[in-house]
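1. predicted model follows, preceded by the sequence.
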Number of protein chains: 2
Amino acid sequence: MGRPVQARLSPEAIADAAVALIDSGHPFGLNAVARRLGVKPPSLYNHVDGIDGIVELVRGRLAAHYLVDVDEADEEVGWDEVVEAMLRAERRMYTEHPHVLPLIATSTVRDEGVIHAYDLKATQLVRAGFPESEVLVVVQLLDAFALGSGLDYAAPDAVWEPSGPTVTLGRLLDAGPRGRERNDQAFEIGLGMLMAGLRERLAAHTAHA
Amino acid sequence: MGRPVQARLSPEAIADAAVALIDSGHPFGLNAVARRLGVKPPSLYNHVDGIDGIVELVRGRLAAHYLVDVDEADEEVGWDEVVEAMLRAERRMYTEHPHVLPLIATSTVRDEGVIHAYDLKATQLVRAGFPESEVLVVVQLLDAFALGSGLDYAAPDAVWEPSGPTVTLGRLLDAGPRGRERNDQAFEIGLGMLMAGLRERLAAHTAHA
């Protein structure tokens, strides 16, 4: 099994195997990734620095696929369009790979492509006029919204199942939108509020400046 | 081991053992919960309906601890105060039990106490004047924000670690608030925007009504 298989190993192949493993819902770990690739675990160390390195490859691989390429030089594109496009892309990524979310949400971002995407977002917010001390706070807030919406999307169709009488909840559940539809509506309304809130905050900042 | 240990088993004891197991970061499962309680796995089935039942006990146990008791009859308390208090409580729960979050966020809510808390939130929003078709959408949006903020809180102190030069990110990371401080600020600013957005939306609805 030695040479020919080793030759097929690459960061990309490891990332793809890891994404497939995570998506399958089976327990995630270095040994399981190696098994999926048909190699012995130590071979992986020629390409990655343990399990954290694999998580970072997964983050980079997915980000390269989902994060929109917004041209930094294009002065026509407003900061709010860039931010909104990134939020939509992030949410799409989380909804299509729900099991990935808890893994990448709780580890340090090191992947160059993802760092670049955050750098771009931060640069846009600074250029727009947000005070520098507030920019990463806003970035973190945007992330929290994307993460929460993504996690919400992974929830079952029936989020609530009352077994007894309720004052309001049961009636609304019978009448209202369900599952994905309710989820999409929540994301759209939330996104609208968030963007309006940011524009208002920016207007207040620039009025005082 | 039979009788005396069996006698100690109760939904509360199972919930406590499950919370402790999840908090420890060790793999979660029915067998592991049984091991922690010093009983054989089948004994648990006298009290719960498998692993989903245990997750539901965990949700109920934590909710009973964190979700504030707001008096429904108290006309003095505004809908926005109730909603804000619940969001703060939810976030505190998630930040103090970060590993619990992915488990309870992706399963159907059945616990009576938690259903009651959602029912109360929905009732408050209906009474406030939100259209019935929108109430659960708003509830889901609030949940997404609490979930995302909680997940964010479980993130490492260094969320981003650029290895090369950046336009903006590196400078802001050196200068700005870090870790918990940035996280708290993001939650507070986000909460403020969310509540302002909801009040505005409600005003628009009631103006048209």
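-> Ah, there it is.

2. and the helix or strand where A:R35 lies, what does it pack onto?
-> Using DSSP states H and E, A:R35 sits within helix A:30-37. On a contact count with 3 or more Cβ pairs under 8 Å, 6 or more residues apart in numbering or on different chains; DSSP states H and E, helix A:30-37 meets helix A:11-24, helix A:41-44, helix A:50-66. Just so you know, the C-beta spots here come from the backbone N, C-alpha and C atoms, and that holds for glycine as well.

3. switch those helices over to JSON lines; also include distance to chain B and mean pLDDT.
-> Output for the helices and strands packed on helix A:30-37, formatted as JSON lines (distance: least, Cβ to the nearest Cβ, whole Å; pLDDT from 0 to 100):
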{"stretch": "helix A:11-24", "distance to chain B": "13", "mean pLDDT": "96"}
{"stretch": "helix A:41-44", "distance to chain B": "19", "mean pLDDT": "95"}
{"stretch": "helix A:50-66", "distance to chain B": "10", "mean pLDDT": "94"}
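
4. so what's A:V167 up against?
-> Taking Cβ atoms under 8 Å, 6 or more residues apart in numbering or on different chains, we find A:V167 in contact with B:D119, B:L120, B:A122, B:T123.

5. which residue packs closest to A:H116, ignoring adjacent ones?
-> The shortest distance from A:H116 to any residue that is not its chain neighbour, by Cβ to Cβ, 6 or more residues apart in numbering or on different chains, is 7.8 Å, and that residue is B:T166.

6. in which helix or strand would I find that neighbour?
-> B:T166 belongs to no helix or strand, assigned by DSSP H and E.

7. for it, what are phi and psi?
-> As for B:T166, its main-chain torsions (degrees, to the nearest 10) stand at phi -130, psi 160.

8. residues touching A:G192, list them.
-> A:G192 makes contact with B:G197, according to Cβ under 8 Å, 6+ apart.

9. and the gap between it and A:E90?
-> As judged by Cβ to Cβ, to the nearest Å, A:G192 and A:E90 stand 16 Å apart.

10. what of A:H26?
-> As for A:H26, its distance to A:E90 is 25 Å (criterion: Cβ to Cβ).

11. A:I51 too?
-> Between A:I51 and A:E90 the distance, using Cβ to Cβ, works out to 23 Å.

12. more crowded one of the two?
-> For A:I51 against A:E90, the residue with the higher neighbour count under other Cβ atoms under 10 Å in any protein chain shown is A:E90, and the figures read 23 against 17.

13. could you look up the SS state of that one?
-> Three-state secondary structure (criterion: DSSP: H, G, I helix; E, B strand; the rest coil) places A:E90 in helix.

14. could you check whether the strand or helix carrying A:A85 is close to chain B?
-> Assigning secondary structure by DSSP H and E places A:A85 in helix A:79-96. No. No part of helix A:79-96 sits near chain B under the criterion Cβ under 8 Å from any Cβ of the partner chain; the closest distance found is 9.9 Å.

15. export that helix as PDB, just CAs?
-> Coordinates of each C-alpha in helix A:79-96 appear next as PDB, following Å, rounded to 0.1, in the frame of the first residue of the first chain:
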ATOM      1  CA  TRP A  79     -19.400  48.000   2.300                       C
ATOM      2  CA  ASP A  80     -22.900  46.800   3.000                       C
ATOM      3  CA  GLU A  81     -23.100  44.800  -0.200                       C
ATOM      4  CA  VAL A  82     -19.800  43.100   0.600                       C
ATOM      5  CA  VAL A  83     -20.900  42.300   4.200                       C
ATOM      6  CA  GLU A  84     -24.300  41.000   3.100                       C
ATOM      7  CA  ALA A  85     -22.800  38.800   0.400                       C
ATOM      8  CA  MET A  86     -20.400  37.300   2.800                       C
ATOM      9  CA  LEU A  87     -23.100  36.600   5.400                       C
ATOM     10  CA  ARG A  88     -25.200  34.900   2.800                       C
ATOM     11  CA  ALA A  89     -22.200  32.800   1.700                       C
ATOM     12  CA  GLU A  90     -21.300  31.900   5.300                       C
ATOM     13  CA  ARG A  91     -24.900  30.800   6.000                       C
ATOM     14  CA  ARG A  92     -25.000  28.700   2.800                       C
ATOM     15  CA  MET A  93     -21.800  27.000   3.900                       C
ATOM     16  CA  TYR A  94     -23.100  26.200   7.300                       C
ATOM     17  CA  THR A  95     -26.500  25.000   6.100                       C
ATOM     18  CA  GLU A  96     -24.900  22.700   3.500                       C
END
